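Enquirer: Just the structure for this:
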Amino acid sequence: MRPDVAVAPATGGRVEQVPMPPEARALATLDRIDYTDAFRAESAHADALTGEEWARAFLEGAPARLRRDLVWGWRAIGLRLGSTGDPDRVLGWEIRRRGPDHALLAARSWLGVSAEVLAKRDEGEVLVASFVRWHHPLGRLLCAAIAPHHRRVVAHLLGRATSLRSARRSEGLQAVSASPAPGRGAHNRP
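Expert: Numbering: from 1, shown residues only. Sure thing, here's the model as predicted:
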């Protein structure tokens, strides 16, 4: 784990790499875990979305080019993904487990790696955790090679998702407060 990985989103809270919370680890389904990381972002609106909605905001809410690069990168390391347009998947990842506060995504690589990504909301924060198991020595080498880039991308995506969610929530509240009272529109002034 590298605690120096942090991103300050445009709005909302700071993203920081944190030790793996035991309650997050308990949601993983891999029979053995060889690599983990966890990132937390403050969000006053964490409870506004379900775990699955946060997973979608985190991955599917990225700009089109970044989504394309993510899918290309995952396929380059052999992850077997489903259709990115499948509503029962999140950007091609299988939804292995879900509850109101979490979603666990899963994929396996033909290069000897199984991966899970957890999106979990809690009061005032969103957690994204990664769990990896390598089934072959090549998987360990692959994980070591991509882990630094993976951590930067996860921190960026989480910061972006929580920032955009905060901005959208604020815009919605501003739009409601700026709207005229019923019967007081621009054409109905006294």
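Enquirer: Could you use CA atoms for every contact and neighbour count after this?
Expert: Noted.
Enquirer: Low-confidence stretches in this protein?
Expert: Low-confidence segments of the chain (pLDDT under 70): 1-13, 165-190.
Enquirer: Tell me how far the residue nearest the centre of the chain lies from residue 127.
Expert: Residue closest to the average C-alpha location in the chain (Cα atoms, centre = their mean): residue 58, at 3.5 Å. Distance of residue 58 to residue 127, computed by Cα to Cα, to the nearest Å: 11 Å.
Enquirer: Tell me which residues touch the residue nearest to the centre of the chain, please.
Expert: Contacts for residue 58 (Cα atoms under 8 Å, 6 or more residues apart in numbering) come out as 157-158, 160-161.
Enquirer: List phi and psi for the residue lying closest to it once chain neighbours are set aside.
Expert: Residue nearest to residue 58 in three dimensions, not counting chain neighbours: residue 161, with 5.2 Å by Cα to Cα, 6 or more residues apart in numbering. Per-residue torsions, residue 161: phi -60, psi -40 (degrees, to the nearest 10).
Enquirer: What ranges does this structure have for its strands?
Expert: Remark: strands assigned in the chain by DSSP state E are 6-7, 15-17, 35-42, 89-90, 93-99, 102-109, 113-122, 125-134.
Enquirer: okay if I get the ones you listed as TSV plus distance to residue 54 and mean neighbour count?
Expert: Formatted as TSV, the strands of the chain follow (distance: least, Cα to Cα, whole Å; neighbours: other Cα atoms under 10 Å):
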stretch	distance to residue 54	mean neighbour count
strand 6-7	18	19
strand 15-17	15	24
strand 35-42	12	22
strand 89-90	10	22
strand 93-99	12	18
strand 102-109	8	24
strand 113-122	6	24
strand 125-134	8	24
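Enquirer: who's in contact with stretch 90-103?
Expert: Counting by Cα under 8 Å, 6+ apart, 50-52, 55-56, 59-60, 67, 71, 81-86, 88-89, 104-107, 118-122 sit against stretch 90-103.
Enquirer: at 6 Å instead, please
Expert: For stretch 90-103, contacts defined as Cα atoms under 6 Å, 6 or more residues apart in numbering pick out 50-52, 81-84, 89, 104-107, 118-121.
Enquirer: which one of those sits closest to residue 150?
Expert: Using Cα to Cα, residue 118 comes nearest to residue 150 of those, at 14.4 Å.
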